[in-house]
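Student: Make a model of this:
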Amino acid sequence: MRIVELVLNEEELNAGIDAVSLVENPAIEETWVALKKHEIELKTIDEEKRLLMGAALIPKKQIYRRNEKTNEEYYIFFSKDTIRKASQLFLKSSNQNNATLEHKSKLSGMTVVESWIVEDSEKDKSSLYGFNAEVGTWFITMKVQNDEIWNKVKEKEIKGFSIEGYFAEKVEANKQLTNDEILEEIKDLIKKI
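Tutor: Numbering: from 1, shown residues only. This next block holds a predicted model:
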């Protein structure tokens, strides 16, 4: 199966991430943590914070795709460098209020209030919330002021983030993994256990 690296073509006007979609089944196979009152907050705060935290993009994570027109199956992935550039361009373009539900309907009352790249898996903020994130992962925290969406989160009808945007294809590989690459993949999996 073909493997395609997606990159930013910064010369294209529409390049980058336009919106973050709230989805039931995130393509990156990572769900978020719904942040409510927790131990590091002041105990006098009783109201729900309505914050969602999760990975928006994970470096080198192969994401299955199928072209509905041609029925072609393939994988895409993003490098650490592309993820960093895309996360910066997302904010630079003031897209933090752009959200959709299942990549279909636009949502109001949704704002990305935090955005960061994991620099150290053990010392990163994401590890405080139980994530075991790879270095280079783009994390976001989204404030939910939309009552309908917050109810869907509480009912577990939506479970993660998915990005919407325009990228160019860079590298295609139709190769078998070498023994060293297989060992590296196994080591990465063991680290996550």
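
Student: Only C-alpha atoms from now on, for both contacts and neighbour counts.
Tutor: OK.

Student: secondary structure class for the spatially most central residue of the chain?
Tutor: When C-alpha atoms, centre = their mean is applied to the chain, the residue found nearest the centroid is residue 56 (1.3 Å). Of the three states, residue 56 takes strand under DSSP: H, G, I helix; E, B strand; the rest coil.

Student: Let me see the contact set for it.
Tutor: 20, 28, 137, 138, 139, 140, 161, 162, 163 (C-alpha atoms under 8 Å, 6 or more residues apart in numbering).

Student: so where does the last one fall, helix or strand?
Tutor: Here residue 163 sits within strand 160-166, counting by DSSP states H and E.

Student: about what we covered before: between the contacts of residue 56, which is nearest residue 115?
Tutor: Residue 115 lies nearest to residue 140 out of these, by C-alpha to C-alpha, at 4.5 Å.

Student: Number of residues surrounding the residue nearest to that closest one when sequence neighbours are not counted?
Tutor: The shortest distance from residue 140 to any non-neighbouring residue, by C-alpha to C-alpha, 6 or more residues apart in numbering, is to residue 115 (4.5 Å). Each residue near residue 115 was counted by other C-alpha atoms under 10 Å, and the total is 19.

Student: again, but for residue 125
Tutor: Neighbour count of residue 125, defined by other C-alpha under 10 Å: 15.

Student: Where does the prediction get shaky in this structure?
Tutor: 28-47, 171-179, 181-182, 185, 188-193 (pLDDT under 70).

Student: Helices along that one, start to end?
Tutor: 80-92, 125-128, 147-154, 179-192 (DSSP state H).

Student: Might one say that the residue nearest to residue 140 is in contact with residue 139?
Tutor: Yes - counting by C-alpha atoms under 8 Å, residue 115 does reach residue 139; the two are 5.8 Å apart.
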